[in-house]
Each structure stands twice: as C-alpha cells, then as structure tokens.
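J.: 3D, please:
(chains A and B)
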Amino acid sequence: MEAAALGGGFGDAPVDSARAFRAVMRAMARPGTVEAVAGAAPPAPMSVAAGVAVLVLCDTGTPVHLAGGHDTRALRDWIGFHTGAPVVADRGAAMFALGRWEALSPLDGYAVGEPEFPDRSATLIVEMDRLEPYGARLTGPGIKGSAALSLPEVAAFQGNAARFPLGLDFLLCCGDRLAGLPRSTRVEAG
Amino acid sequence: MLERDVFMKFESENVTAYNFAYLDEQTKRMIRRAILKALAIPGYQVPFASREMPMPYGWGTGGVQVSAACLMPEDTLKVIDQGADDTTNAVSIRKFFEKTAGVATTEETARASVIQTRHRIPETPLTDEQILVYQVPIPEPLRFLEPSEVETRKMHALEEYGLMHVKLYEDISRHGAIATAYAYPVKVAGRYVMDPSPIPKFDNPKLGDCPAIQIFGAGREQRIYALPPWTQVVSLDFEDHPFEASKAEADCALCGAGDSYLDEVIVDDEGGRMFVCSDTDYCRARRAAGHVGAQGAPEGVA
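T.: Have a look, this model is predicted:
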C-alpha cells in the first residue's frame, strides 16, 4: 500500500461525516438540487464529492464495485484503508458502484432489490464532467413542481424509474458538488 | 496525563467522553444508509439494526437513533411529546443530545433545524430547512389486521391494500363514520400505505406537500421510513365518506386559538374540563402576542 492511501480522510470523522451526510441526505431528498461537500481528498480520478460519499456511507458491510478507470490500485487502497469496504468485481454483489457513466452503463446487472425488500439495491456514485440545474426535467417526490438537472442520458433513468419500487439510486458527483437521483424521480428530456 | 486530568480536560472543553451524538460511527453509517433508501422509496419501511439506547423501548429509541444519525454540531434541536416541550420524555431527550452532541436546543418551532416528535406535527408551518423526526411505536399499518410480518411484506409488495379499506368500511358500518382518530393510514406518492405514527388525524393534512424532510424511526420494531419534501400523501377514505381532519369543537381556553389541536384537561371531580393547545410553543407564542382565551390570564399576571 502506498503512503498516499493513508491521507485524504476526514480530519474529525464524527463531525465531518455528520455535515457531509446532511448534504447527501438533502441531495437525495430533493432531486435536482446540488449540494457542496468537503472533507475528503481521494486519489485521482475520484472526485472530492464521490470521496465524501464513500467515507460517509461505506464500511466493511458494503461491497463496492469500481468501474472502468476508477478500478485503480490507488483507489482500492484508499477505500480499503479508510472504510474497510470490500472491492468486488461482480457488479451484482455491490451495494455501491463507482465510476464514470460510460463505465457504469449499461445499468443491468446491479442489484435492484426484491419486491418485498426494494431497499436491497445498489447506489451508483457517478462521476460527471458537469452538474448543472438545466437539461432533463425531473418530477416526483422531493420536487416542488419540476426541477432540471444535466443528466448524462434520459432513457436509462426512465427505465429505472419505471421499475419503481425496485431500482437503483444515484449520487451524481462533480468536483466538490453532488446531486441525488432516487428511483422515485420521473425523468423526461428537457 | 493522568486519567483524572484527561477527564478534567474533557470537562473544561465542554465535551463528554461520548462520540459525537452518542452512537458509534459504524452504527450511524448503517442508519444513514437506511435513511437514504427510505427517502428513495417514500413510505416503504426499511429494516435497520436498531441499537440498545440508554432509555427503554417505547421512549423514542427509534427517533433518537435517527436524530443521532442526522444531527450536526450547528443544529438547533427541539423535542416534543404530544406537542409539549416540557414533558419528561421531551426534556430527557433534549438533555441527552445537549450532553452527547453539544447542540443548541430550543422550544420554538421556527428556530429549530431538527425537531424530534412523539405523536404531533407542530402547528407552526415547517420550512425547507427543517427535518422532522417521528418516534414510531408500530410502523406497520397492516399489523393489527395481519399479525404476520411475512404476510404484510407480501401485501406491500403486491400493493394489496384491500384489507385496510375493509377496516375503514367496518368503522363506517359500525359507527356511521370512520372512527379511526389517530395513526390514520395514508397512501404515499400513490404506492405505499404508511402509518404516520400515532399523530391525531388532525395532523394528516400537514404530512403531504410539506417543505421539510420527514423521517420516521421505530426502535423496537427496527424500521425507518421517510417522506421527502413535497411528497403526495393521501389519507385513505371513500368518495361518500371523505377524510375529515377532526379536533375538539372548542377554542383553546388559554390562548383562544380556534385552529390548533386541543388536549382535554379534567379540572375537578365534578366533570369540569377545559381544552388547551396541545402544541405548547404555539400556545405560548400566541399568549405572548396578547391573545387570551376564556380561562386564560394575560401574560405576566399570576
């Protein structure tokens, strides 16, 4: 393990993760709103926001799948040291999957939950080049009227929402900002 | 440093030997993951590994665990028990978080960022900066109709809620109206039937299209569920027997409010009674603003 893997975690874990969780929760509760987070400095190519999400949510009980260019030695070491989460190659076994949209797609193969336990589903942490409040039109719980968000595509999210209450939930990350897109959100081309 | 000196140092810095907000970090992560799934599937009960808390089940252990996982140092916490800030349960939980999280506390609804509640929604409208945490005794709305968890899970999975309508119909056939007065079942975002915890049905209309995040924690039953802001929440009813948010037909005897939920207080052995606001902060604020009810003394008069 490189020494670099030991740095970049929360300075004061209980308090930093409490503040970060508030931002993540607000993002998931209000699809389309973008929240800023801080406290993590993960190795490239992982964004600060994705690093924060991993530190707040992952531990030894949550298998993580690293997709495409995110499956690096440095990231495996960093996640392993700071969270203890097992990194799995099988996306179906993952509770969290991390990577760029092209690497994570297509969305089949991830756990979408069972009819009696729809919560047993994966959360995808998507690295984005931009995250802006325009583009696809979002409606559903957490949204007053409608919201807009620059999604990488529309059809995949429509398919995901159509399976409700089964489905995947997304944390879209760009730099130190993130937005949530739960399965309950209906997506239309903007 | 001697152990005593360490303790003195902690005391002098006004921090305790507890982790921030009492729970260990791994427990908080587990609860936080459950909260996110609960928000993603509004009204669905997410199982979680509820912990032993330093208070008995039935005293709000579910709400306390959700609050502990949500609180941050900048928060201002309000705790109410049936609308009151000054009952034993509310005072104890407030003190618990003052001590273990060092957060500010308040009795004023408008000043709170996190509100933990037992069986009421505050009268003052909530804002999008607030989180309302409910203490829940029995999270399963179908439990008294079907005792088996295996069966009720299947009923939720199949969206098979006919039994609940039969129950409400039996109310009508027996009493002439839907007699359910609290824990009145609701349908969330057109999918899951949910128990809103034992709030009076007077509060049901406040559940839907609410700007605040609402999270429900059941400690003994190990379930967390949630309503994101602006979620459609419909109280179950029939076209010819529409839902009615009822309250005692009186005004508050202390502040004169005609729009707030009232508690009946027995005042003597002769059957004498008075009705007062269940929401103590709402009543206090109204009296401070000069409103006086039929039996109320103006502020400052003993």
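
J.: What residue spans form the domains of chain B?
T.: Domain assignment for chain B, taken from automatic domain parsing, gives B:17-142+B:173-235, B:247-294.

J.: and chain A, which of these is closest to it?
T.: Judged by Cβ to the nearest Cβ, the one of those that comes nearest to chain A is domain B:17-142+B:173-235, at 3.5 Å. Placement of C-beta: from N, CA and C, glycine included.

J.: picking that back up, okay if I get the domains of chain B as CSV plus mean neighbour count and mean pLDDT?
T.: Formatted as CSV, those follow (neighbours: other Cβ atoms under 10 Å in any protein chain shown; pLDDT from 0 to 100):
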stretch, mean neighbour count, mean pLDDT
domain B:17-142+B:173-235, 21, 97
domain B:247-294, 17, 95
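
J.: Check the gap between the residue of chain A most remote from its centre and B:Val64 for me.
T.: For chain A, the residue at maximal distance from the C-alpha centroid (Cα atoms, centre = their mean) is A:Ala3, at 26.1 Å. The spacing between A:Ala3 and B:Val64, counted by Cβ to Cβ, to the nearest Å, is 40 Å.

J.: And for B:Gly271?
T.: Computed as Cβ to Cβ, the B:Gly271 to B:Val64 distance reads 39 Å.

J.: How about B:Ala34?
T.: Applying Cβ to Cβ, the value for B:Ala34 to B:Val64 is 15 Å.

J.: cool, and A:Leu168?
T.: 31 Å.

J.: same question, B:Arg111
T.: 21 Å.

J.: same thing with A:Asp169?
T.: Distance, A:Asp169 to B:Val64, using Cβ to Cβ: 26 Å.

J.: Identify the residues contacting residue 140.
T.: Went with chain A since none was named. Shown in contact with A:Gly140 (Cβ atoms under 8 Å, 6 or more residues apart in numbering or on different chains): A:31, A:161, A:184-186, B:189.

J.: meant chain B actually
T.: Contacts of B:Glu140 were listed using Cβ under 8 Å, 6+ apart, and they are B:45, B:149, B:152, B:195, B:221, B:223.

J.: if you set the cut-off to 6 Å instead, what comes out?
T.: Residues in contact with B:Glu140, defined by Cβ atoms under 6 Å, 6 or more residues apart in numbering or on different chains, are B:Thr152.

J.: what's the helix or strand for it?
T.: Using DSSP states H and E, B:Glu140 falls within no helix or strand.

J.: likewise the one 3 residues further on?
T.: In this assignment (DSSP H and E), B:Arg143 forms part of neither any helix nor any strand.

J.: Could you grab the helix/strand/coil label for B:Gln116?
T.: Counting by DSSP: H, G, I helix; E, B strand; the rest coil, the backbone at B:Gln116 sits in strand.

J.: Quick check, it in contact with B:Val64.
T.: No. The criterion here is Cβ atoms under 6 Å, and B:Gln116 misses it with B:Val64 at 7.3 Å.

J.: per-residue pLDDT, residue 15?
T.: As the question left the chain open, I've gone with chain A. For A:Val15, the model assigns a pLDDT of 97.

J.: Please refer instead to chain B.
T.: Looking at B:Val15, its pLDDT reads 54.

J.: Same check on B:Met8?
T.: 51.

J.: what does A:Ala5 give?
T.: The predicted local confidence for A:Ala5 is 88.

J.: Wait, it touches A:Arg76, no?
T.: No. Counting by Cβ under 6 Å, A:Ala5 stays clear of A:Arg76, with 8.6 Å between them.

J.: List the contacts of A:Ile79.
T.: Here A:Ile79 is in contact with A:Ala85 (Cβ under 6 Å, 6+ apart).

J.: the helices in chain A, which residues?
T.: A:13-29, A:48-57, A:73-83, A:101-104, A:155-162 (DSSP state H).

J.: Beta-bridge partners for the residue nearest to A:Tyr134 when sequence neighbours are not counted, please?
T.: In this structure, A:Tyr134 finds its nearest non-sequential neighbour in A:Ala148, 4.9 Å apart by Cβ to Cβ, 6 or more residues apart in numbering or on different chains. Beta-bridge partners for A:Ala148, by DSSP bridges, are A:Arg137.

J.: which residue ranges form the helices in the stretch 151-300 of chain B?
T.: Ranges of helices in the stretch 151-300 of chain B, per DSSP state H, counting those that start in this stretch, are B:162-175, B:280-288.

J.: okay if I get those as TSV plus distance to chain A?
T.: Output for these, formatted as TSV (distance: least, Cβ to the nearest Cβ, whole Å):
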stretch	distance to chain A
helix B:162-175	17
helix B:280-288	24
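
J.: and B:Ser50, which of these is closest to it?
T.: Closest to B:Ser50 of the helices of the stretch 151-300 of chain B, according to Cβ to Cβ: helix B:162-175, at 25.7 Å.

J.: And for B:Phe144, the neighbour number?
T.: Residues lying near B:Phe144 (other Cβ atoms under 10 Å in any protein chain shown) number 10.

J.: Now do it against chain A, distance only.
T.: Applying Cβ to the nearest Cβ, to the nearest Å, the value for B:Phe144 to chain A is 20 Å.

J.: What are the neighbouring residues in contact with that residue?
T.: With contact set as Cβ under 6 Å, 6+ apart, B:Phe144 has no partners.

J.: and it, what pLDDT?
T.: At B:Phe144, the model reports a pLDDT of 94.

J.: got it, and B:Glu3?
T.: On the pLDDT scale, B:Glu3 gets 55.

J.: Hmm, B:Phe202 is touching B:Lys247, no?
T.: Yes. Contact status for B:Phe202 versus B:Lys247: in contact at 4.8 Å, counting by Cβ under 6 Å.

J.: who touches both of the two?
T.: Common contact partners of B:Phe202 and B:Lys247 (Cβ under 6 Å, 6+ apart): B:Tyr261.

J.: now stretch B:187-206, how far from the centre of its chain.
T.: Relative to its parent chain, stretch B:187-206 has a centroid offset of 12 Å by Cα atoms, centre = their mean, to the nearest Å.

J.: Can I get that stretch as PDB, trimmed to CA atoms?
T.: In PDB, the C-alpha atoms belonging to stretch B:187-206 read as follows (Å, rounded to 0.1, in the frame of the first residue of the first chain):
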ATOM      1  CA  LYS B 187     -51.000   6.400   0.800                       C
ATOM      2  CA  VAL B 188     -47.700   7.900  -0.100                       C
ATOM      3  CA  ALA B 189     -46.900   9.000  -3.700                       C
ATOM      4  CA  GLY B 190     -49.600   6.700  -5.000                       C
ATOM      5  CA  ARG B 191     -47.800   3.500  -3.900                       C
ATOM      6  CA  TYR B 192     -47.100   2.500  -0.200                       C
ATOM      7  CA  VAL B 193     -49.700   2.600   2.500                       C
ATOM      8  CA  MET B 194     -48.000   4.100   5.600                       C
ATOM      9  CA  ASP B 195     -48.600   4.600   9.300                       C
ATOM     10  CA  PRO B 196     -48.000   8.200  10.000                       C
ATOM     11  CA  SER B 197     -47.300   7.200  13.700                       C
ATOM     12  CA  PRO B 198     -50.000   8.000  16.300                       C
ATOM     13  CA  ILE B 199     -50.500  11.600  15.300                       C
ATOM     14  CA  PRO B 200     -54.100  12.800  15.500                       C
ATOM     15  CA  LYS B 201     -55.800  12.700  12.100                       C
ATOM     16  CA  PHE B 202     -56.000  16.500  12.500                       C
ATOM     17  CA  ASP B 203     -52.300  16.500  11.600                       C
ATOM     18  CA  ASN B 204     -52.600  14.300   8.500                       C
ATOM     19  CA  PRO B 205     -53.100  17.100   6.000                       C
ATOM     20  CA  LYS B 206     -49.700  18.500   7.100                       C
END
